[in-house]
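[1] missing the sequence, but the structure's below:
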């Protein structure tokens, strides 16, 4: 027969099957959902403490009120992101929280001071155990102070955990959210944090102003002393130094320039006189002397002096007088030059002295003026800063105070119940999926066909019977029951599998014991008998002989082993059951290996004889994965009916068992022992029919 394509590698998720899995496990899911929902209700109502939230809003001032037009010691805060985040940290600072703790006396509040809370069972056990330890109870002064400090730090930590500060989007406002166990406490805590934050800004500016005043006061005092010292130095210098001024220095410099001009002129005159004296002294003749003297009288006397003694005498007297005057002129010029140079030196020394004194006076004066300028500036700044005391403004203001909440914000009981219910739903669904993944069995013919690749030729429901003999009785007594119709459909499928050459030798087997292969073989044989067929049912399971439990004891005393190993004929070995209208070749106990017996030539000849003597021969063989008997017999038959127990046989078992047969010999699969209620529980509508028409078959099947 043709095989169906095996879709093992299909990775698509079948939502319908997934829904069916959840539907089958709806009670498990409902159980976990109910358990978790109940726990969520109990936790939300009994175990959680109501928490109330209150909000106060603080805004950074973009413009501050200017009472006086004086520069502030600290500049106003800007609105950039860094400043905003810094102010959030200020509102979360331990110093500010410490002031809040003192303001609200939170050290005495059990909500924040856990040492004041009633001890729970664990604390009581811990105290009981530590009471037996030899530990001193008296703490020293330093240890007690340290203990109080640690306790205060713990309270501050709890307060920090009880409120948060967030920036209102697209604004420079901060929302302070406080969460405590009491509504009034939450509102008060949010307000006090806001007030302490605003007050801290004022305190910072006030402290900065006081520090500035103290520093400016010290600087003004020092500058006052420096100013007095520099002014006294100027006065003392003026007292001890003659009056000097720029005009006097200018006059002295003019005198010096005039004196230097005279010295230069006198030096020229002295040089001229010295040269004239040298020339006069070097002249030897009367003509040379008269030429040097450039005197008309001497020139006339020189012309006669050579010949006239009187003229020579008069010439010498006149020339000597000229030489004496030249000597006096040289002496007078040198004396005057020395006097002028002495006066120059004296005047230069005076100008140098008075210039140095003037420079020193100027330096003292400038120093005094600088001290005066600094003193006046710091004095004015001191007065301005002092005037700002008491008018400092904070950079923030409280935009709105907290409103006492009427309803607790935590816990969100609805959300807790919803989340716990959802968690139970998810956990239940996960467990159902896990169980589904672990249980790899077949629950529908479609699953079996898709997995195996072979056509399912029959679906047989579970027969309600306490013993195996009652199975046949039920089938015979209820010809219109769903079980009988299922067997009848199986018979029809077997006959129609090959219309031209319908199978005559049919073998039933399964993967493992307990799948109902013998019941299917016996029921199918009885159904063929109902068609008027001559049917032989052979018990091929020699290890577990069970046909006597269906049809009663062997009437001939012989069976399959006798027919194969002795001279007993087939007709002599067969038991003819007139009550059922069927011939049965029972199995017999043997010491020989069953597989060897079934694979013998005698077995082949026996089956050939049975094929000729009967219309239908059905052989019930052992499970494939247990012994090789079924594989041996399968080589002699026309078709193998492979029985699979519904929701029991594992995928791997079916896969291994079918792999042991040649695909051509598999006549079809039978999904057996189907539980109708379980079938519906798995999301299938079982009407003992095929496909979508199965839902409409219930009116045709009746249990008499």
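    Alright, I've got the coordinates. Here the structure is a predicted model, which is why all the values come from computation and not from measurement. Residues are numbered from 1 along each chain as shown.
[2] leaving out sequence neighbours, find the closest residue to the residue most central in space within the chain.
    Among the residues of the chain, the one closest to the centroid is residue 166, at 19.8 Å (CA atoms, centre = their mean). Counting by CB to CB, 6 or more residues apart in numbering, residue 166 lies nearest to residue 175, which is 5.2 Å off, once chain neighbours are set aside. From N, CA and C alone the C-beta is placed, and that goes for glycine too.
[3] what's the answer for residue 233, then?
    Leaving aside its chain neighbours, residue 233 sits nearest to residue 364 (5.1 Å; criterion: CB to CB, 6+ apart).
[4] so for the one you found, what's the pLDDT?
    For residue 364, the pLDDT comes out at 82.
[5] same question for residue 437.
    Predicted confidence (pLDDT) for residue 437: 76.
[6] how many residues are close by it?
    9 (other CB atoms under 10 Å).
[7] in which helix or strand would I find it?
    Assigning secondary structure by DSSP states H and E places residue 437 in helix 413-438.
[8] what's the answer for residue 59, then?
    Residue 59 belongs to strand 52-60, assigned by DSSP H and E.
[9] and the angle for the next helix or strand after that strand with strand 52-60?
    The element immediately downstream of strand 52-60 (helix or strand, assigned by DSSP H and E) is helix 81-91. Relative orientation of helix 81-91 with respect to strand 52-60: 130 degrees, computed using axes from the mean of the first three to the mean of the last three CA atoms, to 10 degrees.
[10] show me how far the helix or strand just after helix 81-91 is from its chain's centre.
    Moving toward the C-terminus from helix 81-91, the next helix or strand (DSSP H and E) is helix 94-104. Its chain's C-alpha centre and that of helix 94-104 lie 32 Å apart, by CA atoms, centre = their mean, to the nearest Å.
[11] likewise stretch 314-334?
    For stretch 314-334, the distance to the chain centre is 121 Å (CA atoms, centre = their mean).
[12] what does that stretch contact?
    Outside stretch 314-334, the residues within contact range by CB atoms under 8 Å, 6 or more residues apart in numbering are 266, 269-270, 273-274, 276-277, 280-281, 286, 289-290, 293, 295, 297-298, 301-302, 305.
[13] I'd like the mean pLDDT over stretch 308-316, please.
    75.
[14] next, the buried residues of that stretch.
    311, 312, 314, 315 (16 or more other CB atoms under 10 Å).
[15] now, which of the residues you listed lie within helices?
    311, 312, 314, 315 (DSSP state H).
[16] wait, which of those residues is closest to residue 60?
    residue 315 (119.2 Å; CB to CB).
[17] tell me the domain boundaries of this structure?
    1-8+19-48+411-439, 56-208, 246-387, 455-697 (automatic domain parsing).
[18] any idea how far residue 96 is from the residue nearest to residue 233?
    54 Å (CB to CB, to the nearest Å).
[19] tell me where the stretch 501-650 of the chain has strands.
    505-510, 535-539, 575-577, 582-585, 616-620, 639-645 (DSSP state E, counting those that start in this stretch).
[20] and these as a markdown table, adding mean neighbour count?
    Formatted as a markdown table, the strands of the stretch 501-650 of the chain follow (neighbours: other CB atoms under 10 Å):
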| stretch | mean neighbour count |
| --- | --- |
| strand 505-510 | 26 |
| strand 535-539 | 27 |
| strand 575-577 | 16 |
| strand 582-585 | 24 |
| strand 616-620 | 26 |
| strand 639-645 | 25 |
